[in-house]
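Participant: quick one: sequence and predicted model below, then my questions.
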Amino acid sequence: EAQVTQNPRYLITVTGKKLTVTCSQNMNHEYMSWYRQDPGLGLRQIYYSMNVEVTDKGDVPEGYKVSRKEKRNFPLILESPSPNQTSLYFCASSQGLASRNTQYFGPGTRLTVL
Amino acid sequence: AQTVTQSQPEMSVQEAETVTLSCTYDTSESNYYLFWYKQPPSRQMILVIRQEAYKQQNATENRFSVNFQKAAKSFSLKISDSQLGDTAMYFCAFMNYGGSQGNLIFGKGTKLSVKP
């Protein structure tokens, strides 16, 4: 089954404790992206990747890092989480530059930073 | 900068009836894509329908159709024969054609409740 998976689905952590949210897709998609969703704000892009070893900042990149060492994986790293990063996070992928208009989303990761 | 506005925070409809969700957007671009995504209580983001701005014909997907008015920068979603499973948050989204960022710009959403 073609899908985007995220782990963990739920995470409660404390301020300053490094964490990684994994994202994996099995569709051989070139383009991957991370969004955060906050009440009343819709979804906002954090980082994106056009292909392996190619990443760039989205609209709200502060406090986050990403890497793209393999085509299928695009982990989101919070080196020192803070309470304002409490949010619902989505990973998304699409086929390529010509088809990146159709993005498929993972199931979401609910992160709470205390 | 592009913006997407959904002016109806909440709506409700009786089962089997028709409902229209509104969306307006602001852009200086002439080529772009528009989308409606559905987010049910499971929180999964599900693509409902998409429209290419260069196409004059309105997109349809089964019970879902759009009314795309490019000059008015309006992109409404019509749901016919509403079903209980249509209960969800609905997000309108915009993407610039050819932009390297591939960034979807989302509205704040409309919460739709379908009542039996």
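Facilitator: That came through, no problem.

Participant: okay, now the unreliable bits of chain B?
Facilitator: Applying pLDDT under 70 to chain B flags the ranges B:98-101.

Participant: which residue lies nearest the spatial centre of it?
Facilitator: In chain B, the residue lying closest to the centroid (CA atoms, centre = their mean) is residue B:36, at 3.1 Å.

Participant: show me where the chain has its strands.
Facilitator: Picking chain A for this. Secondary structure of chain A (DSSP state E): strands located at A:4-7, A:10-13, A:19-25, A:31-38, A:42-51, A:54-57, A:65-66, A:76-78, A:87-94, A:104-105, A:109-113.

Participant: nope, chain B please
Facilitator: Taking DSSP E to define them, one finds strands in chain B at B:3-5, B:10-14, B:19-21, B:24-26, B:32-39, B:46-52, B:60-61, B:64-69, B:74-79, B:88-96, B:105-106, B:110-115.

Participant: bridging residues for the nearest residue in space to residue A:38 that is not next to it in sequence?
Facilitator: Leaving aside its chain neighbours, residue A:38 sits nearest to residue A:87 (5.4 Å; criterion: CB to CB, 6 or more residues apart in numbering or on different chains). In short, each C-beta sits where N, CA and C put it, glycine included. Counting by DSSP bridges, residue A:87 forms beta bridges with residue A:111.

Participant: re earlier: can you list the strands of chain A in a markdown table and add distance to residue B:58, mean neighbour count and mean pLDDT?
Facilitator: Compiled in a markdown table, these are given as follows (distance: least, CB to CB, whole Å; neighbours: other CB atoms under 10 Å in any protein chain shown; pLDDT from 0 to 100):
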| stretch | distance to residue B:58 | mean neighbour count | mean pLDDT |
| --- | --- | --- | --- |
| strand A:4-7 | 29 | 18 | 96 |
| strand A:10-13 | 39 | 13 | 96 |
| strand A:19-25 | 31 | 19 | 97 |
| strand A:31-38 | 27 | 24 | 94 |
| strand A:42-51 | 24 | 21 | 91 |
| strand A:54-57 | 34 | 14 | 92 |
| strand A:65-66 | 37 | 18 | 97 |
| strand A:76-78 | 37 | 19 | 98 |
| strand A:87-94 | 23 | 24 | 94 |
| strand A:104-105 | 23 | 20 | 90 |
| strand A:109-113 | 35 | 19 | 97 |
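
Participant: which one of those lies closest to residue B:48?
Facilitator: Nearest to residue B:48 among the strands of chain A is strand A:104-105; the distance by CB to CB comes to 12.4 Å.

Participant: residues of chain B that sit close to chain A?
Facilitator: B:4, B:33, B:37, B:42-47, B:50, B:91, B:93, B:95, B:97, B:100-104, B:106-109 (CB under 8 Å from any CB of the partner chain).

Participant: list buried residues within the residues you listed.
Facilitator: Among the residues of chain B next to chain A, those buried by neighbour count (16 or more other CB atoms under 10 Å in any protein chain shown) are B:4, B:33, B:37, B:43, B:45, B:50, B:91, B:93, B:95, B:101-104, B:106-109.
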